[in-house]
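S.K.: Sharing a model that was predicted from the sequence below.
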2 protein chains.
Amino acid sequence: MAADEQQAVLEGRLRSAQLKVTAPRVAVLGVLSKRGHLDAETVFSLVATSLPKTSLQAVYGVLGALVTAGLIRKIEPAASSALYEARVGDNHHHVICLNCKNVEDVDCIIGASPCLTPSNLQGFAIQSAEITFWGLCSKCQLSPDAS
Amino acid sequence: MAADEQQAVLEGRLRSAQLKVTAPRVAVLGVLSKRGHLDAETVFSLVATSLPKTSLQAVYGVLGALVTAGLIRKIEPAASSALYEARVGDNHHHVICLNCKNVEDVDCIIGASPCLTPSNLQGFAIQSAEITFWGLCSKCQLSPDAS
DNA sequence: CAGTTGTTTTTAGTTATTCAAAACAACTCG
DNA sequence: CGAGTTGTTTTGAATAACTAAAAACAACTG
C-alpha cells in the first residue's frame, strides 16, 4: 500500500469517529498502526520526524481524543508510564517482561469466557476484564542484564 | 484479641521477615491488616492518628520495605495511585468500580489455572498473572453520580 | 550499654501528566 | 469558494505521586 493510500485510510478512520482530520492526529494514528505499546514520549518523537512542529502536549491531546473515540487503547502497566496501541475491538491481553519491560500481545486465553467469571462478584456489574502476564521474554531469559 | 497482642503479632511478622521492628512499620502493617487497598496518602493519615511524627516519606519507605519483604502487596490500577494490601500469598485478584474506584477482592476465578495459560506465550517465561475486573459496584449501579 | 547497622526525618528533585489561554486550522454553509 | 464557527494545537505553567540524599536517630548485637 502506497503512503498516500495509507494516509487516506487513517483519515477515513478519524472521520468515521467524528474527529476532525488534522496532521498530528493522522501522524499519531499512523505511528501506532505500525507499532503498538508506545508511550506518549515515544509517539511524540516518532511524530516529530515528520511533523517537527508538533508539541508533546498536542500528542497527549491527540492520544486522549483517540482513546475517547475508541480508535486506540491506553494501557497502564504497573511501574511504567501509559502505553498506547491501535489494536482495538478485540479483547486481547498483554505479557510484559519483568526485566526489559517489553510488551507483547496475548491473543487469547484458553477457554476465555468462563475463566473471566469471578466466583465472587461482590455485587459488581462487570464491564471488562484485564489480564496482564508478567515474566521474562526469551531474550532476557538468556541475559537478564540487558535493558 | 487485645491491642497489645495484635501488636505482638505484627512485630513477629516483621521479625520473621528480617526487618527491624519500628513504630512506623508496626503502625503501617496494622493499618493495612485492618483495611486493604489504601494509597500511601491514606496510610499516612491513618498512621498519623497514632504516630503524628511520622512523615509521608517514611510511609513510602516503610511501604517499599514491606513490599520487598513480601509482607504487603502493591497494586497499581490504571488511572489511580498505587494501593497496598496486607493480604498476600494467595493469588487473588481485584474488581474496581469504574465510578467510585472502590476496590474489592476477587477470591478466585472459576477454573483458575487453565484459564491463565495464554495461548501464545511469545517465548515468555511467565511468572505471574494479574487480573483486574472493571465494572460498577452495587451502590454506583443505583446512583452513578456518587463519589 | 556501647557500637553498628539500618531507619526515619527533612529538604529537594524528578517524571508523567494535566490545565488554561491564546493562536490557529478544519469543516460547514451560503 | 470564502467567511464563520467549532474544535485543535501551541505555549507556558502547574500538579500529583513518587524518588533521592544527607543528616539525625533508633533498633538490635554482643
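M.R.: Yep, it's here.

S.K.: Identify the residue nearest A:Leu98 in space, chain neighbours excluded?
M.R.: A:Trp134 (5.4 Å; C-beta to C-beta, 6 or more residues apart in numbering or on different chains). To be clear about C-beta, it is placed using only N, CA and C from the backbone, and glycine gets the same treatment.

S.K.: isn't the one you found right next to B:Ala129, touching?
M.R.: Yes: proximity of A:Trp134 to B:Ala129 meets the contact threshold set by C-beta atoms under 8 Å, at 7.5 Å.

S.K.: Between the two, point out the one with more neighbours.
M.R.: B:Ala129 (23 against 17; other C-beta atoms under 10 Å in any protein chain shown).

S.K.: starting at the chain centroid, how far to the one helix or strand the more buried one maps to?
M.R.: Following DSSP states H and E, one finds B:Ala129 within strand B:125-136. Put simply, strand B:125-136 sits 15 Å off its chain's centre (C-alpha atoms, centre = their mean, to the nearest Å).

S.K.: which is the next helix or strand following it?
M.R.: Following strand B:125-136 toward the C-terminus (DSSP H and E): helix B:138-142.

S.K.: Please name the spatially closest residue to the residue most central in space within chain A (chain neighbours excluded).
M.R.: In chain A, the residue lying closest to the centroid (C-alpha atoms, centre = their mean) is A:Glu85, at 1.8 Å. Leaving aside its chain neighbours, A:Glu85 sits nearest to A:Gly36 (3.5 Å; criterion: C-beta to C-beta, 6+ apart).

S.K.: likewise A:Lys74?
M.R.: Here the residue nearest A:Lys74, using C-beta to C-beta, 6+ apart, is A:Val67, at 5.0 Å.

S.K.: Is the one you found in contact with A:Ala82, as I believe?
M.R.: No: taking contacts as C-beta under 8 Å, A:Val67 lies outside contact range of A:Ala82: 9.5 Å.

S.K.: anything in contact with each of the two?
M.R.: With contacts defined as C-beta atoms under 8 Å, 6 or more residues apart in numbering or on different chains, the residues shared by A:Val67 and A:Ala82 are A:Lys74.

S.K.: which residues sit in contact with the residue nearest to the centre of chain A?
M.R.: A:32, A:36-38, A:72-73, A:75.

S.K.: Quick one: residues contacting the residue nearest to A:Glu85.
M.R.: Contacts of A:Gly36 (C-beta under 8 Å, 6+ apart): A:83-87, A:103, A:105.

S.K.: ok, the residue in chain A that DNA strand D sits nearest to - how many residues close by?
M.R.: With C-beta to the nearest atom of the strand, the shortest gap between chain A and DNA strand D falls at A:Ala58, namely 2.7 Å. The number of residues packed near A:Ala58 is 19, by other C-beta under 10 Å.

S.K.: Now for it: which residues touch it?
M.R.: Contact analysis of A:Ala58 by C-beta under 8 Å, 6+ apart lists A:Pro24.

S.K.: at 10 Å instead, please
M.R.: By C-beta atoms under 10 Å, 6 or more residues apart in numbering or on different chains, A:Ala58 lies in contact with A:22-25, A:27-28, A:44, A:47, A:51.

S.K.: low-scoring stretches of chain A, by residue?
M.R.: Residues of chain A meeting the criterion pLDDT under 70: A:1-2, A:108-120, A:144-147.

S.K.: Can you name the residues of it sitting close to DNA strand D?
M.R.: A:19-20, A:22-25, A:53-58, A:61-62, A:65 (C-beta under 7 Å from any atom of the strand).

S.K.: What's the PyMOL line that selects buried ones from these?
M.R.: Listed next is the PyMOL selection for buried residues among the residues of chain A next to DNA strand D, using 16 or more other C-beta atoms under 10 Å in any protein chain shown:
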select buried, chain A and resi 19+24+25+54+58+62+65
